[in-house]
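Student: Quick one, structure for this:
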Amino acid sequence: MNNVQLYGAFCTAMGGLFWLLVQRRRFYRRGLGGLQHFRNFWTGLIVSVMEWAVAVVSILALLLGAFLLILGALYGN
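Tutor: Prediction:
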């Protein structure tokens, strides 16, 4: 395993971990009707935007990790 594959595995693991943490928070915030419940509008807005940003970063990390793993497998030693 070369450095590119190591970075790819790290990015994939971190992206998956962040994705799971965001989805877990969303799951435990849902009520009986399946909607997310917040204390007030501003809390809901801030939390939703922050979770969206972390989800986007986690997807990018997953894609980068997969790309680096493939790149390391094709061009590695």
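
Student: Quick check: buried residues in the biggest helix by length in the chain?
Tutor: The longest helix of the chain (DSSP state H) is helix 41-75. For helix 41-75, a neighbour-count test (16 or more other Cβ atoms under 10 Å) marks 47, 51, 55, 58, 61, 62, 64, 65, 68, 69, 72 as buried. Just so you know, the C-beta spots here come from the backbone N, C-alpha and C atoms, and that holds for glycine as well.

Student: My guess is the last one contacts residue 8. True?
Tutor: Think residue 72. Yes - if you go by Cβ atoms under 8 Å, residue 72 and residue 8 touch, sitting 5.9 Å apart.

Student: where does the protein dip in pLDDT?
Tutor: 77 (pLDDT under 70).

Student: if you set the cut-off to 80 instead, what comes out?
Tutor: Residue ranges of the chain with pLDDT under 80: 1, 76-77.

Student: Okay, and the beta partners of the residue nearest to residue 29 when sequence neighbours are not counted?
Tutor: Using Cβ to Cβ, 6 or more residues apart in numbering and skipping the chain neighbours, the partner closest in space to residue 29 is residue 36 (4.8 Å). Here residue 36 sits in beta bridges with residue 30, as judged by DSSP bridges.

Student: hang on, residue 36 packs against residue 43?
Tutor: No - Residue 36 is beyond contact range of residue 43, at 10.9 Å (criterion: Cβ under 8 Å).

Student: which of the buried residues of helix 41-75 lies closest to residue 21?
Tutor: Nearest to residue 21 among the buried residues of helix 41-75 is residue 58, at 8.5 Å by Cβ to Cβ.

Student: Residue 7 versus the closest one, what's the distance?
Tutor: 16 Å (Cβ to Cβ, to the nearest Å).

Student: Pull out the buried residues from the helix or strand harbouring residue 9.
Tutor: Residue 9 belongs to helix 3-29 when assigned by DSSP states H and E. Buried residues in helix 3-29, counted by 16+ other Cβ under 10 Å: 4, 5, 7, 8, 11, 12, 14, 15, 18, 19, 22.

Student: Let me know whether the fourth one touches residue 62 as I believe.
Tutor: Same thing as residue 8. No - counting by Cβ under 8 Å, residue 62 is not a contact partner of residue 8; they are 10.3 Å apart.
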